[in-house]
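Undergrad: kindly return the folded structure for what I paste below:
(one chain, ligands or ions: 3)
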Amino acid sequence: MKQTHIKDSLNRPLRDLRISVIDRCNFRCQYCMPAEIFGPDFVFLPKNELLSYEEIERLARIFVGLGVEKIRLTGGEPLLRRELPLLVEKLSQIEGLEDIGLTTNGVLLPKFATQLKAAGLKRVNISLDSLKDELFGEINGRNVGTGPVIKGIHAAKEAGLGVKINMVVKKGLNHEEVLPMAKFCKENSLQLRYIEYMDVGDTNGWKMDDVVTKKEIFQQLNEHYDLEPVDPDYFGEVAKRYRYTGTDIDVGFITSVSESFCSSCTRSRLSANGQLYTCLFNGEGHDIKSFIRSNVSDDDIVGYVTDIWNHRNDRYSDVRTDETRKNRKKLEMSYIGG
Ligand code: SAM
Ligand code: SF4
Ligand code: SF4
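TA: Numbering: from 1, shown residues only. Ligands and ions are numbered 1, 2, ... in the order given. All right, here's what the predicted structure looks like:
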């Protein structure tokens, strides 16, 4: 397939596409979909508001033609979307697409890992924020212990998928789990990524004081382990990585708050309701769903996406202040998927 490489107004190429395939979830993580707000009366999107697999495939093919190399499926909980392996299979046939990943809470991996791998999935990021059953149950808002997630991790490994663990660290909640999680992941040869708690959405009551920075986490780790920095594998790699000296096990940090990385941000996002976002913190997206449902040609869509990307100048984390936070309508994580 002929590929062009479009750039935004700050010279950043379009390399990644994240697709939130569903806004529903079987968890109610405090920092993402707090149970008080996402309660039994909360109205999720009806099926026809979600992009169909055919629509996602069409868009993915066009995005790959414009330079996208990696696609990550996310949600809500992506494994709640019916027949997700079918979508993976469609995407894996796109010429020029190098990598397909999935971010999941892991609970449904024992059911789907083998099918996903056979369909062409390469890797999964599994979220696990604590090893203590009670605390983890409190965080996920559904009293689910760590057992189902750990089973999911094993299922993914056994299926031959690459596995990374995502841990969001929030002060006063799970910062004491930083070292136990490091030990667990090191012993199980899993790459752990500590994620700074972010001000995504309007429902999680985010405060700067709740953020545990990379610096604080690194200090704790460094007291117990010898770590050496690892060079990024490619332009725009988000995690700052270190290796436990003498091993091939990495540990990474997603420093969205304390050390922003907008200057190398190559990510576009399709939200669960079919809007195109060029930044995790955009209040409003571009209604690409209505556009593609209006009988347009692929060339029209190429023009539409190119125009949006060419005009992109997002740098929210670089310029985050109390003012920018207040004055911005934000999209919930369950719509945009991280
Ligand atoms: N349900 C899946 C999961 O939990 O992995 C996929 C969707 S979830 C929204 C994607 C990622 O965003 C997860 O790793 C989750 O921990 C992270 N996340 C959610 N809310 C966050 C926040 N406020 N700050 C930082 N990361 C967050
Ligand atoms: Fe669900 Fe993932 Fe959000 Fe937790 S972080 S509520 S598992 S979407
Ligand atoms: Fe990219 Fe926006 Fe995050 Fe900056 S704030 S790294 S532009 S998604």
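
Undergrad: quick one, what contacts the residue nearest to Asp209 when sequence neighbours are not counted?
TA: Among residues not flanking Asp209 along the chain, Lys171 sits closest, at 6.7 Å (C-beta to C-beta, 6 or more residues apart in numbering). Where you see a C-beta, it was placed from the backbone N, CA and C, and this is true even at glycine. Neighbouring residues of Lys171 by C-beta atoms under 8 Å, 6 or more residues apart in numbering: Tyr197, Asp209, Asp210, Val211, Val212.

Undergrad: what about the first one, neighbour count?
TA: Neighbourhood size, Tyr197 [other C-beta atoms under 10 Å]: 23.

Undergrad: for it, report the pLDDT, please.
TA: Note for Tyr197: predicted pLDDT of 95.

Undergrad: so it makes contact with Thr255?
TA: No: the criterion here is C-beta atoms under 8 Å, and Tyr197 misses it with Thr255 at 11.5 Å.

Undergrad: tell me the contacts of the closest residue to Thr4 other than its chain neighbours?
TA: Nearest residue to Thr4, sequence neighbours excluded (C-beta to C-beta, 6+ apart): Leu66, at 6.1 Å. By C-beta under 8 Å, 6+ apart, the residues touching Leu66 are Gln3, Thr4, His5, Ile6, Leu14, Val302, Val305, Thr306, Trp309.

Undergrad: one more: Leu190?
TA: Leu190 sits in contact with Ile153, Val163, Lys164, Ile165, Phe184, Ile249, where contact means C-beta under 8 Å, 6+ apart.

Undergrad: separation between it and ligand 3?
TA: 25 Å (C-beta to the nearest ligand atom, to the nearest Å).

Undergrad: now do the helices in the stretch 101-250 of the chain.
TA: Applying DSSP state H, counting those that start in this stretch to the stretch 101-250 of the chain gives helices spanning 109-119, 133-140, 147-158, 178-187, 214-224.

Undergrad: ligand 1 is nearest to which of those helices?
TA: helix 133-140 (9.0 Å; C-beta to the nearest ligand atom).

Undergrad: contact partners of that closest one?
TA: Residues contacting helix 133-140 (C-beta under 8 Å, 6+ apart): 27-31, 105, 128-130, 143-147, 149, 173-174, 177.

Undergrad: pull out the buried residues from those residues.
TA: Listed as buried from the contacts of helix 133-140 are 27-31, 105, 128-130, 144, 146, 149, 173-174, 177; burial here means 16 or more other C-beta atoms under 10 Å.

Undergrad: which pair in those spans the largest distance?
TA: Arg28 and Glu177 (19.0 Å; C-beta to C-beta).

Undergrad: wasn't Leu91 part of a strand?
TA: No: assessed with DSSP: H, G, I helix; E, B strand; the rest coil, Leu91 is helix; it does not lie in a strand.

Undergrad: make residue 1 into 25 and carry on from there
TA: Okay, residue one is now 25; in that scheme the one you just asked about reads as Leu115.

Undergrad: who in this structure is up against ligand 2?
TA: 49, 51-53, 56-57, 99-101, 129, 151, 357-358 (C-beta under 6 Å from any ligand atom).

Undergrad: give me the residue from the stretch 125-274 of the chain nearest ligand 2.
TA: Closest point on the stretch 125-274 of the chain to ligand 2, by C-beta to the nearest ligand atom, is Asn129, at 3.7 Å.

Undergrad: give the contact list for that residue.
TA: Going by C-beta under 8 Å, 6+ apart, the list of residues near Asn129 reads Cys49, Asn50, Phe51, Glu101, Ile150, Ser151, Asn164, Val173, Gly176.

Undergrad: over to Gly309?
TA: Gly309 neighbours (C-beta under 8 Å, 6+ apart): Ser295, Gln299, Leu300, Tyr301, Leu355.

Undergrad: ok, now with 6 Å
TA: Ser295, Gln299, Leu300, Tyr301 (C-beta atoms under 6 Å, 6 or more residues apart in numbering).

Undergrad: quick check: phi and psi at it.
TA: In terms of degrees, to the nearest 10, the main-chain angles of Gly309 are phi -100, psi -180.

Undergrad: mind checking how far it is from Lys354?
TA: 12 Å (C-beta to C-beta, to the nearest Å).
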